[in-house]
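1. here is a sequence with its predicted model. Questions after.
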Amino acid sequence: MQTRPSERYRSWLVGELVLVSVLALGTVLLAAAGRLDGYSLPNARIALDTAAALVASIVAVLTATRFLVEGRGMDLLLTGGFLAIGVGTFAFAVAPVLAGSELGAVESWAVIGAGLFGAVLIAFAPYVTRKTARRRRAIVAMVVFVALALVGSWLDARLLDLSLDAVGPGSARSPAVVVAYGIVAVLYLIAAIGFGLRYRRQGRDLDSWLTLALTLVVFADLHYVLAPFRSSAYVLPSDLLRILAFAVLLAGVWRAIGDAEFGRAVAEERARVARDIHDGLAQYLFALSAQISMLESGAELEQILPRLKHAATAAQQEAQFAVLALSSAAGSAPFDAALRRYIEFLVADGMLEVDVEIDPGVALAFRIVQEGLANARRHAGAEQAEVSIMHSGGRRVVRVSDNGTGIMGDDPGAGQGMKNMRSRAASIQGVFSLRSSPGKGTSIEVVLRPA
């Protein structure tokens, strides 16, 4: 039984409230026990900063990929925000330590500045609904914008020369640090609320993952507010929360990209089916209309009737093919099941026998196979055909062969079918090849890149 969206949202909201309660209780207990200052673990500190920089950068790449697929402004802002955090953390917190330097006030403030800039972009992301068509240009502009912001963060840190904690845990806290991390926590809270509201309205899984991750980040920054000490030698509880948040983000964005790619593939296949209906079914219906017009003009019924029967049968077949193709394009049936249904329909009248061998791990738009079998039946007069879809040498290979008359130069229908197959193969980045000779049948092969 499927869960209704409202019930799903309520279950998620209860889980979110439980998480907030647990994190709040944990924060209170750590503060009461004086454990928010953390521990002196220099190697762990550099490992955590490196992991945070790496994961934030990966999330930026993944959200950029999703932006290139769907063009949503939200994904563009997420790309910029996580890119600023990832690159800023590596440049200002990791690189100096790897070079043998201590994390001084300038570097610490540069990291805070990069995090603040990234938080601003992320906070605006859930409230942006516009899409853009110039996606690559937008990505380049965002990367340049982030680079300028990071340079500005470094220059501001040097010019302002603000103080930081002097020695370590227990030393005097800088009010500026408290304010900075407080602002960052508020920005992430705004973002978490925004994505939570988006999830209630749209039910997208990515919004629920983002809300969960940002909730963890809010409490991580709250820990910094309560114990705002930053050093290249100390690990704070908030650092562990931040790493957990990035892991949640990574999982959520990865799943969202898979959904976006699937949606784009479905849209492209539906568009191809629409073109096929126009090129096939519509033409047969036009032929029917033309023959009926000839009857109305006084043509002999004996002459027109066979043509009407042929056009009606062909139109019926095209309609069946379109239904099967749309079923596959909509993702409502597995590829091999849709293809086998098509073949069952094709051979129902006993005019053609088809042997099928399909590797379950290989899937593609079956219109290539359909076109090859249609050519074998309609134009080559074949009695037998073979379909093979499998992995070979690390690639996906599709072969359709028949024992028909071969490709005849004066057969426009067969020639158009080959053009259609070449076009479809190119649209899915495949290499099309053909072997045929008069009286010896035809064999087509499409080699696709690894899935």
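-> Nice, thanks for sending it over.

2. what strand or helix carries residue 399?
-> strand 395-402 (DSSP states H and E).

3. okay, and the beta partners of residue 392?
-> Note on residue 392: beta-bridge partners by DSSP bridges are residue 395.

4. ok, it to residue 88 distance?
-> 47 Å (CB to CB, to the nearest Å). Yep, even glycine has a C-beta here, placed from its N, CA and C like the rest.

5. these two: which is more packed in?
-> Taking neighbours as other CB atoms under 10 Å, residue 392 and residue 88 compare with residue 88 leading, 26 against 11.

6. by contact count, what packs against the strand holding residue 399?
-> With contacts taken as 3 or more CB pairs under 8 Å, 6 or more residues apart in numbering; DSSP states H and E, strand 395-402 sits against helix 367-378, strand 384-392, strand 442-448.

7. that one vs strand 384-392, what angle?
-> Direction vectors for strand 395-402 and strand 384-392, defined by axes from the mean of the first three to the mean of the last three CA atoms, to 10 degrees, enclose an angle of 170 degrees.

8. next, the angle from strand 395-402 to strand 442-448.
-> Interaxial angle of strand 395-402 relative to strand 442-448 (the same axes, to 10 degrees): 170 degrees.

9. how about residues contacting strand 395-402?
-> The contact list for strand 395-402 (CB atoms under 8 Å, 6 or more residues apart in numbering) reads 362, 364, 368-369, 372-373, 376, 380, 382, 384-391, 430, 441-451.

10. distance between it and the chain's centre?
-> 28 Å (CA atoms, centre = their mean, to the nearest Å).

11. ok and it relative to helix 367-378, angle-wise?
-> Going by the same axes, to 10 degrees, strand 395-402 makes 10 degrees with helix 367-378.

12. buried set for strand 395-402?
-> Residues of strand 395-402 classed as buried: 396, 397, 398, 399, 400, 401, 402 (neighbour count, 16 or more other CB atoms under 10 Å).

13. flag the least confident of these.
-> The member of the buried residues of strand 395-402 with the lowest pLDDT is residue 396, at 80.

14. what's the local residue count around residue 197?
-> Residues contacting residue 197 under the criterion other CB under 10 Å number 14.

15. and the one 5 residues further on, by the same measure?
-> The burial count assigned to residue 202 is 10, neighbours taken as other CB under 10 Å.

16. look up how far residue 74 lies from it.
-> Between residue 202 and residue 74 the computed distance is 11 Å (CB to CB).

17. now residue 383
-> For residue 383, the distance to residue 74 (CB to CB) stands at 56 Å.

18. ok, then the element right after the helix or strand where residue 186 lies?
-> Under DSSP H and E, the secondary-structure element containing residue 186 is helix 175-202. Once helix 175-202 ends, the next helix or strand along the chain (criterion: DSSP H and E) is helix 205-226.

19. for the next helix or strand after that next one, which strands pair with it and how are they oriented?
-> Downstream of helix 205-226, the next assigned helix or strand under DSSP H and E is strand 234-235. Sheet pairing for strand 234-235, assigned by DSSP bridges, gives strand 39-40 (antiparallel).

20. in the helix holding residue 186, what's buried?
-> Of the residues in helix 175-202, 177, 180-181, 183-185, 187-192, 194-196, 198-200 count as buried by neighbour count, 16+ other CB under 10 Å.

21. wait, residue 241 sits on residue 223?
-> Yes: if you go by CB atoms under 8 Å, residue 241 and residue 223 touch, sitting 7.2 Å apart.

22. between the two, who's got more neighbours?
-> Remark: of residue 241 and residue 223, residue 223 carries more neighbours, 27 against 22, as counted by other CB under 10 Å.

23. for that one, what are its contacts?
-> 27, 30, 36, 236, 237, 238, 241.

24. before we move on, which element is the last one in?
-> Counting by DSSP H and E, the element that carries residue 241 is helix 237-279.

25. quick one: average pLDDT of that helix?
-> 66.

26. which other helices and strands contact the host helix or strand of residue 137?
-> Element membership for residue 137 (DSSP H and E) is helix 135-160. Secondary-structure packing of helix 135-160 (3+ CB pairs under 8 Å, 6+ apart): helix 42-70, helix 73-89, helix 105-124.

27. now do the buried residues in that helix.
-> Quick answer for helix 135-160 (16+ other CB under 10 Å): 135, 138, 139, 142, 143, 146, 149, 150, 153, 154, 157.

28. quick one: which of those is nearest residue 215?
-> For those, the residue nearest residue 215 by CB to CB is residue 146; the value is 24.6 Å.

29. quick check: that closest one touching residue 84?
-> Yes: the criterion here is CB under 8 Å, and residue 146 meets it with residue 84 at 4.9 Å.

30. residue ranges in the stretch 51-200 of the chain under the pLDDT threshold?
-> 161-173 (pLDDT under 70).

31. what bridges to residue 399?
-> Applying DSSP bridges, one finds that residue 399 bridges with residue 388, residue 445.

32. circling back: how about the buried residues of strand 395-402 in CSV, adding distance to residue 57?
-> Converted to CSV, the buried residues of strand 395-402 look like this (distance: CB to CB, whole Å):
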residue, distance to residue 57
396, 31
397, 36
398, 38
399, 42
400, 45
401, 48
402, 52
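
33. residue 426 contacts residue 419, doesn't it?
-> No: at 10.7 Å, residue 426 does not count as touching residue 419 under the criterion of CB under 8 Å.

34. and the spatially closest residue to residue 255 that is not a sequence neighbour, how many neighbours?
-> In space, and not counting its chain neighbours, residue 255 is closest to residue 205: 6.2 Å by CB to CB, 6 or more residues apart in numbering. For residue 205, the neighbour count with other CB under 10 Å is 13.

35. could I get the contacts of residue 223 as a markdown table with distance to residue 47?
-> Supplementary listing: the contacts of residue 223 in a markdown table, determined by distance: CB to CB, whole Å:
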| residue | distance to residue 47 |
| --- | --- |
| 27 | 24 |
| 30 | 21 |
| 36 | 20 |
| 236 | 14 |
| 237 | 16 |
| 238 | 16 |
| 241 | 16 |
